[in-house]
Structure formats: C-alpha cells, structure tokens
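Trainee: requesting a structural model of the entry that follows:
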Amino acid sequence: MDLPYAKERLIAELAVQRAALLTKKVLREIDKGTISKSDKSPVTIADFAAQALLICAIHHNFPDDKFVGEEAADTLREDVELQKRVWDLVSGSYLDDRETNALLSTPVSSEQMLGIIDLGCGPGGRTGRVWMLDPVDGTAAFMRGQQYAVSLALVEDGHEVIGVVGCPNLILENGEIHEDRVDEEGYGMMLSAVRGQGSSVRRIASGGLEAARKIERPLDVVGVKELHWVEGTASASNDIDKQWKLAKSLGISWPGTDLYSSQMRYIALAVGGGSINVTIPKKKDKISWVWDHAGGHLILKESGGLVTDLNGKEFDFGAGRYLGENYGRVVAPMSVREEVMASVVQVLGE
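Mentor: Numbering: from 1, shown residues only. Prediction:
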C-alpha cells in the first residue's frame, strides 16, 4: 500500500527537478554569454518560466487544487519580447526520461503559459489544498551564481503536508553549506518531506529521480556555545544589529553560515549545517510571504528541527499569501530552547 501523499510527492519532486534544471540552464547561458547579465532579465526569465512549469505539472495531475505563487503574468503581456524568451525556455524544457516526463505537462502555447502563471495569484486560505511555490528564492544570489532554491509545498486545510526544495547549486560537504561553493558540473541537490514521514535528500538528475537518503537528525547540543548560527546578513528587512547582539549574549560566533536565500537557510538547518537561527524583523508589521517559508519549513521540522515565531507560535500557513499571524522566527534545539527564548525576550525588550 502506498504511503499517504505518495503521488503528490512524486509529482512535486519531478516538477521541482524539471524547474531546477531550467534555472540551471539559464545560469549556464549567462556563463557562456548567450544571455546578458547587464540587467535583471535572466532571473526574470527564470522566475516566470519555472513558475509556469511547476504549476503546469501540478495542475495537470491535480486540477482542483489551488496555488499561491510569487509571479503574475502582467509583465509578460506588456513585454512581448520578454514573453517570447520565457516561452522559448518553457517549451523546450523536458526531463530526459520520456516515461517520467510524460507524468508532467507543458503548456501548448504562449497564451496558455500566461494563464498557468496567473493561477499562482490565488489568495490561499484555511480550507482545501493549496500549493505554495517560489520559482527562484534568492534572486540576487541567483544572479551572482550563489545558492538559491526552487520551492514547492502542498498546504492542506492550512497545514503543510508536502515540502520539496530544489537547490541547483548545492554541494553538501559534511552537512555544511557555503554560499560560494557551488555545483558547477552537476545539478545540485533536492530535499523533500511529507508530514509524519521524515525528510530525505537526493541529487538532482536530468531524467528520473535518483535514489534518496533519509536526513538523520543531528545530535542535540549540550549547551548554547555548541550552537552554529545560520544568518542572512544581506536582509534589508531584518534587524541585523539585534540578531548580532543576541548571538553575542549567548556566546555564539556570528554570523556563522551566511546565506541570502530564506529557503536555503531552512535547508542548512535541516542538514546540520547550522543549529540556530533567530530572525527579528525591523518592523512588527513586516510582511513575510508564505513562499519564503513553505517547503523548507516542513523539511526542517521533519528532519527534527524545532521552529516557531518569536512569540513561540507555530507558523500559520492558512493565513493567506503572507504569515500575517506570525512575527519573526526562532530555530533552536529543545535542549537549549528555554535559554535561547529568554535571551530573545531580553534583546527584544532593549
């Protein structure tokens, strides 16, 4: 008997794999000089094209499901040349294995592609099945050839049940992740999880899925000084000074593993490349989009990680297109969580 969500997981993994390959193709065209890096057009093309492929694959297999995505097709309708470049990329993207590729679907026209992209403009909500996706998380890092992610998650009645994150530049060395240490020859790694079934990791391939291995939970730390921080110092919306003060008050080296992509920070924490992350927004009303968290959040939890917001609340993925019921983030092992939270309260009160 198949495990719950077996088909959904398979299609999601294949969809992310195909979209990740597309983004990698764009990067390699930049390296060859075929695509200019003088403006933001490469990441714009990759964003739209990857969203089209992700939604098309899911919609083909689960036509009644809804979507929340980052992009809308208005820009493509206004810019015919850009639309053509995206269509050329989408229409030429296939998995090498014909039988595997047949499980997915590709738009049959540029006009259909625009409609599929716009399916991602849904409001989300607390009822039904909603797929949340970020076709390129970490766009600035993508443009620099650093770590970025292609993420997809299924949220059912407001709760994450599937998370898949493709990391096309990722090389895992003893669980460590480095922004500038990238997979130039291959296609990186993909991580996935189903609620209650743990998390796994595999290499991204050009055809069918490669064998996966389970992500084993790292041993709990004894004291806070054993923690390894995961940070995003380039964030303009987070209070980096307070985050540094918090790390200093706990006696932890900072910034530790520094990654621009929000999804990649979840991945680093999931695979043992770090054990603590505290995110303090500069403003309490700061919007935190669901696609920056959905997918990686579940992978981290299913690998044994403990994640809440700064108030100790679970993330609410049923609140809509952003995490309107949550403020900030705390990731820390249970063994030291009480001490970490006490320091968080103190720093927030200053």
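Trainee: quick one: terminal-to-terminal distance for stretch 292-309?
Mentor: 14 Å (Cα to Cα, to the nearest Å).
Trainee: buried stuff in that stretch?
Mentor: Within stretch 292-309, the residues that count as buried by 16 or more other Cβ atoms under 10 Å are 292-305, 307-309. All C-beta spots, glycine's among them, are computed from the backbone N, C-alpha and C.
Trainee: just the ones of those in strands?
Mentor: Of these, the ones assigned to strands by DSSP state E are 307-308.
Trainee: which ones are touching the residue sitting furthest away from the middle of the chain?
Mentor: In the chain, the greatest distance from the average C-alpha position (Cα atoms, centre = their mean) is reached by residue 350, at 32.4 Å. Residue 350 makes contacts with 242, 245, as judged by Cβ atoms under 8 Å, 6 or more residues apart in numbering.
Trainee: now the strands for the stretch 151-300 of the chain?
Mentor: Assigned by DSSP state E, counting those that start in this stretch, the stretch 151-300 of the chain shows strands spanning 159-167, 189-194, 199-203, 213-214, 230-231, 257-258, 277-279.
Trainee: any chance of the ones you listed in JSON lines with mean pLDDT, mean neighbour count and distance to residue 314 as columns?
Mentor: Formatted as JSON lines, these follow (pLDDT from 0 to 100; neighbours: other Cβ atoms under 10 Å; distance: least, Cβ to Cβ, whole Å):
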{"stretch": "strand 159-167", "mean pLDDT": "98", "mean neighbour count": "27", "distance to residue 314": "9"}
{"stretch": "strand 189-194", "mean pLDDT": "98", "mean neighbour count": "27", "distance to residue 314": "16"}
{"stretch": "strand 199-203", "mean pLDDT": "98", "mean neighbour count": "20", "distance to residue 314": "18"}
{"stretch": "strand 213-214", "mean pLDDT": "96", "mean neighbour count": "10", "distance to residue 314": "24"}
{"stretch": "strand 230-231", "mean pLDDT": "97", "mean neighbour count": "24", "distance to residue 314": "20"}
{"stretch": "strand 257-258", "mean pLDDT": "97", "mean neighbour count": "18", "distance to residue 314": "25"}
{"stretch": "strand 277-279", "mean pLDDT": "98", "mean neighbour count": "24", "distance to residue 314": "15"}
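Trainee: which stretches of this protein form helices?
Mentor: Under the criterion DSSP state H, the chain contains helices at 6-32, 41-61, 74-78, 80-91, 98-101, 110-118, 139-143, 240-250, 262-270, 296-302, 334-349.
Trainee: so which of those comes closest to residue 192?
Mentor: helix 6-32 (5.6 Å; Cβ to Cβ).
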